[in-house]
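Chemist: Sequence and predicted model, in that order:
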Amino acid sequence: MAASAGISSDGISITSISAGSVQGSVEGVEYTFTLTVSKGERSDEERTTVTVKQGAPPLPSIAPVIGKVNPAQKLVLSSSVRLGHSDGNESAVWLQWSIAAVAGTPALDLTEPSVLASQSLGGTEVVLQPDCLTPGGSYDVVLTATAEGTGSYGSASLRFFVNERPQEGALAVAPSEGVSLQTVFALNTSGWVDEDPPLDFLFVYVLVDVNGTISPEVALSEFGPKSAVTLTLPEAGLEEAGWRVEVRVYARDRYGAVGGPWAVAVTVTAPILESEAEVVSLSQEVLTGGSSALENGDVDSAMNSVTGAASLLSAPARRRRLLRRRLHQEVETGEAGEAEAQAESERRAQREDMVRLVSSARSMMAATETAQERVASLVSRIVDCDASEVSPGTQDSAMGVMESVVSSALADVSTGASKLSTATASQVLGGLSSLVGNGSDVEASARTQAIMQQAVDALLQSAVSGELPVQVSSDGLQLCTQRDTLTGPGATGGRLFQHPLAISDTDVSTPTVTFPTALQSALTSAGHSAVELRLLAMDADPHSTANASANSTGAAGARERAAPGNGSSVTWRSPVVTVTFEDAGAELEVQNLTEPIALNLTVEAEQHTRRTAEDLPLACSFWDEARGKYSTAGCATLPNPAPPGAWLYWRPQVWGALTSGDAGGIGDEELLAASWGVGHAWLLSNCSEEYDAVDSIDGGEKAARTYRGEACAMADPLNNMSCAWNWTSQGFMGT
């Protein structure tokens, strides 16, 4: 049944309709609203249909999508729900999103991980992955809100359009061969077609190895209106790959859609340098030129000069670093000649000058995502060297640049400052990894942790509730953050409490954290309807002065742990993991849980190859801020690995006794030691589980588990499995 209310409005983008204008008492009446937009002789129209229902269903609305959607960026669809009933029970509303391609646009499969970036389609926001939408296509979105119990529902719809990328561009580079830092190349792009001008252009280059593998892109410019530039290429190609360098160009329209790249390969050889002194001399000449360019306002030339100087000092990386490490040792012992000592001193000074030049250039650049990524990437490249070439001044300046990159993303969005992209965050962590992996002190490690916390704050600015975790990692540093809605319409159901969460999705040895459902209940009971989770992992310990130089895997941050009872100590390393819950910027207090928070940490085995497993007791500990030291209070450590066919489990009743204080005279340390159990078909036959008091690593006492009993297989290393409990290591040993 259709009805007409005779409503019209000319030239007004927002129209209000009074309640008396519609037949609200008639079930099933449909109203079709038409919006017509005209310009000259051209016009287009859009329609939406409203169905009248009796009662007071929940009323959802979808926030409008302004302009066109860029296919290379994630799309966040947001909504709100106005409750139709009077009891105000928000938790009794269920939401469901659907997204359908309009005719002519390929269908969208929301079950594919490459499409949906939300944990479900039932939250107040839904997020679509970058590059899942068809350029030039259009999609219809429907959000349905259903009231539990009554079954009444309301819905809202929206159509959005996807921007077309600029196409059909071309790039010319002349000459076709030359020498890095010397030959001037002319880059010219033309022929781009796009319906949303004006266009901006970005020039980059990559190196190609003998297998055709392409290195990460290095920017030669920022996005700007210039379609032609002249410059020297800052880096030579790889000799074994025929000195091939691939120059690329991207085009961006006024809505932000990026087309390309269009690429041209050129041959770029390295300058002929006969000695280390000549390398240092040329890099200084390049830096001097970069400083002059910046004084004249040429930011791109200054940044390219730093790229070239850093490339000179770093290539060929492996051979040169080994040589310089040996020379550094000779300088330290006084065995090096005057020329070698002078060259090392100049390299250190030049790297410090490079960072300062990048910092100055950054102050003249717009705070765009591409600019921030370019700055962070270049600083990371400068400090990716042997520790002997990083002076305290270089370390301080480099960390200062990383801090400014992250803090600028935290600025008020209304100022035009960009949010922090995961690509930029990755470059920031990469630079910090080099700095804290080069034998840095506790102050630098603590500063690194603070920068990572700021990066999490910045990444959360563009994260929405129910979105998949944002994960960024580098060698020795990892972060993960996520929002979750616990109550209210479209609550994501506390999904971060339902599965183990890996801090990184790229490292198989990454720490994982499992949160108990009791934590969700505790937060909800405390009145928190939404939470922000922040996870940080560092190989370097921000609380220890024992941070050592990175090993081959980039691990750093040794800590001493005492073996139970014998006073001996061994050195082992695991990441330091920080877990924080916040609500609206306020840190939440988590305590008295009846189930434990479980952390799975990796200890690098090659760091103690001269010791057997039974000599290596591992102990969970945390940094007690009040006492200023590590403590094992409240920590239980599960042995790893477990015997074949066995299973380990937590004992909820023990954790309940710990939190309630109803332990029946049993001390907390013994309760912690007994907080887990092991199951097996026959290993525990004739065994009793007992505990001995031993010295703990923080000066107190702890309980060491043992198994006793006549014919107790768990205590017998010669049992049929050749696997038994070892009192010294507090773990299982055997084959």
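Modeler: Received it, and whenever you're ready, just let me know what you need.
Chemist: center of the chain - which residue?
Modeler: If you average the C-alpha coordinates of the chain and look for the closest C-alpha using C-alpha atoms, centre = their mean, you land on Val472, 2.2 Å from that point.
Chemist: and Ala681, how many neighbours does it have?
Modeler: Residues lying near Ala681 (other C-beta atoms under 10 Å) number 8. C-beta coordinates here come from the backbone N, C-alpha and C atoms, glycine included.
Chemist: oh sorry, the question was meant for Ile272
Modeler: By the measure other C-beta under 10 Å, the count of residues near Ile272 is 7.
Chemist: What of the one 4 residues further on?
Modeler: Summarising burial for Glu276: neighbours were counted as other C-beta under 10 Å, giving 20.
Chemist: can you tell me the helix or strand for the nearest residue to it once chain neighbours are set aside?
Modeler: Counting by C-beta to C-beta, 6 or more residues apart in numbering, Glu276 lies nearest to Ala343, which is 5.0 Å off, once chain neighbours are set aside. Using DSSP states H and E, Ala343 sits in helix 338-362.
Chemist: what does the next helix or strand along the chain from that helix contact?
Modeler: In the C-terminal direction, the helix or strand that comes right after helix 338-362 (DSSP H and E) is helix 369-383. The contact list for helix 369-383 (C-beta atoms under 8 Å, 6 or more residues apart in numbering) reads 202, 216, 218-219, 222-223, 303, 306-307, 310, 314, 351, 354-355, 358, 361-362, 365, 390, 394-395, 398, 401-402, 405, 408-409, 418-421, 423-424, 427-428, 430-431, 434-435, 438.
Chemist: Could you do stretch 511-530 as well?
Modeler: Contact with stretch 511-530 is made by 465, 478, 483-488, 491, 494, 496-503, 531, 535, 537, 575, 577, 579, 581, 583-584, 588, 590, 592-602, as judged by C-beta under 8 Å, 6+ apart.
Chemist: Please tell me how far the closest residue to Tyr153 other than its chain neighbours sits from Val576.
Modeler: Excluding its sequence neighbours, the residue lying closest to Tyr153 (C-beta to C-beta, 6+ apart) is Thr146, at 4.2 Å. Going from Thr146 to Val576 by C-beta to C-beta, to the nearest Å gives 46 Å.
Chemist: Settle it for me: which of the two has more neighbours?
Modeler: Relative neighbour count places Val576 above the other of Thr146 and Val576, with 22 against 19, counting by other C-beta under 10 Å.
Chemist: which residues sit in contact with the more buried one?
Modeler: Each residue near Val576 by C-beta under 8 Å, 6+ apart is listed here: Ala537, Met538, Asp539, Ala540, Asp541, Pro542, His543, Gly557, Trp623.
Chemist: and the fifth one, how many residues sit next to it?
Modeler: If I follow you right, that is Asp541. Counted with other C-beta under 10 Å, Asp541 comes out at 24.
Chemist: give me the element it is part of.
Modeler: Secondary structure assignment for Asp541, by DSSP H and E: no helix or strand.
Chemist: Distance check, it against Ser465.
Modeler: For Asp541 relative to Ser465 (C-beta to C-beta), the value is 33 Å.
Chemist: thinking again about what came up before, tell me how far the residue nearest to Glu276 lies from Val280.
Modeler: When distance is defined by C-beta to C-beta, Ala343 is 5 Å away from Val280.
Chemist: For the nearest residue in space to Tyr691 that is not next to it in sequence, give me phi and psi.
Modeler: Ranked by C-beta to C-beta, 6+ apart and with sequence neighbours excluded, the top spatial neighbour of Tyr691 is Ala703, at 4.1 Å. In this entry, Ala703 is assigned phi and psi values of phi -100, psi 130 (degrees, to the nearest 10).
Chemist: wait, Ala703 sits on Leu672?
Modeler: Yes - in terms of C-beta atoms under 8 Å, Ala703 counts as a neighbour of Leu672; the distance is 7.2 Å.
Chemist: ok, and what's touching the helix or strand hosting the residue nearest to the centre of the chain?
Modeler: Secondary structure assigned from DSSP H and E places Val472 in strand 470-474. Contacts of strand 470-474 from elsewhere in the structure, counted by C-beta under 8 Å, 6+ apart, are 422, 425-426, 429-430, 432-433, 455, 459-460, 463, 478-482, 502-507, 510.
Chemist: mind redoing it with 6 Å?
Modeler: The contact list for strand 470-474 (C-beta atoms under 6 Å, 6 or more residues apart in numbering) reads 422, 425-426, 429-430, 433, 459, 463, 479-481, 504-506.
Chemist: can you give me the helices in this structure?
Modeler: Per DSSP state H, the chain has helices spanning 276-295, 299-314, 317-333, 338-362, 369-383, 392-409, 422-436, 442-460, 517-525, 652-660, 668-673. These are given in chain order.
Chemist: which one of those helices lies closest to Gln730?
Modeler: Of all the helices of the chain, the one in closest proximity to Gln730, counting by C-beta to C-beta, is helix 668-673 (8.5 Å).
Chemist: buried sites along the closest one?
Modeler: Buried positions in helix 668-673, judged by neighbour count with 16 or more other C-beta atoms under 10 Å: Glu669, Glu670, Leu671, Leu672, Ala673.
Chemist: for that helix, packing partners?
Modeler: Contacts defined by 3 or more C-beta pairs under 6 Å, 6 or more residues apart in numbering; DSSP states H and E place helix 668-673 against strand 701-708.
Chemist: Within the sheet, what are the partner strands of the strand it packs on, with directions?
Modeler: Strand pairing for strand 701-708, using DSSP bridges, gives strand 688-695 (antiparallel).
Chemist: Identify each buried residue in the partner strand, please.
Modeler: Neighbour counts using 16+ other C-beta under 10 Å place Glu689, Tyr691, Val694, Asp695 of strand 688-695 among the buried residues.
Chemist: Lowest-confidence one in those?
Modeler: Note: of those, the lowest pLDDT belongs to Asp695, at 75.
Chemist: about what we covered before: Throw together a ChimeraX command that grabs the buried residues out of the contacts of stretch 511-530.
Modeler: Buried members of the contacts of stretch 511-530 can be picked out in ChimeraX with the line below, counting by 16+ other C-beta under 10 Å:
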select :465,478,483,484,485,486,491,494,496,497,501,502,503,531,535,537,575,577,579,581,583,593,594,595,596,599,601,602
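Chemist: What about the contacts of stretch 511-530, which are in strands?
Modeler: 478, 483-485, 501-502, 531, 535, 537, 577, 579, 581, 583, 598-600 (DSSP state E).
Chemist: ok, now how distant is Gly431 from Val206?
Modeler: Taken as C-beta to C-beta, the spacing of Gly431 relative to Val206 amounts to 20 Å.
Chemist: So for those two, which residue has more residues nearby?
Modeler: A direct count of neighbours by other C-beta under 10 Å for Gly431 and Val206 places Gly431 higher, at 28 against 20.
Chemist: Could I get the CA-only coordinates of the strand holding Val472 as CSV?
Modeler: Listed in CSV are the C-alpha atoms of strand 470-474, where the atom choice follows Å, rounded to 0.1, in the frame of the first residue of the first chain:
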residue,chain,number,x,y,z
VAL,A,470,45.6,-3.2,15.0
GLN,A,471,49.0,-4.9,15.1
VAL,A,472,52.4,-3.4,14.3
SER,A,473,55.7,-5.2,14.8
SER,A,474,59.4,-4.8,14.1
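Chemist: mind listing the strands for the stretch 151-300 of the chain?
Modeler: For the stretch 151-300 of the chain, the strands identified by DSSP state E, counting those that start in this stretch occupy 153-161, 170-174, 177-179, 184-190, 200-207, 218-219, 228-232, 244-252, 258-269, in order along the chain.
Chemist: So what touches the longest one?
Modeler: Spelled out, that is strand 258-269. By C-beta under 6 Å, 6+ apart, strand 258-269 touches 72, 165-167, 169, 171, 173, 176-180, 233, 236-237, 243-252.
Chemist: May I see the buried residues of that strand?
Modeler: Counting neighbours by 16+ other C-beta under 10 Å, one finds that the buried residues in strand 258-269 are Val258, Gly259, Gly260, Pro261, Trp262, Val264, Val266, Val268, Thr269.
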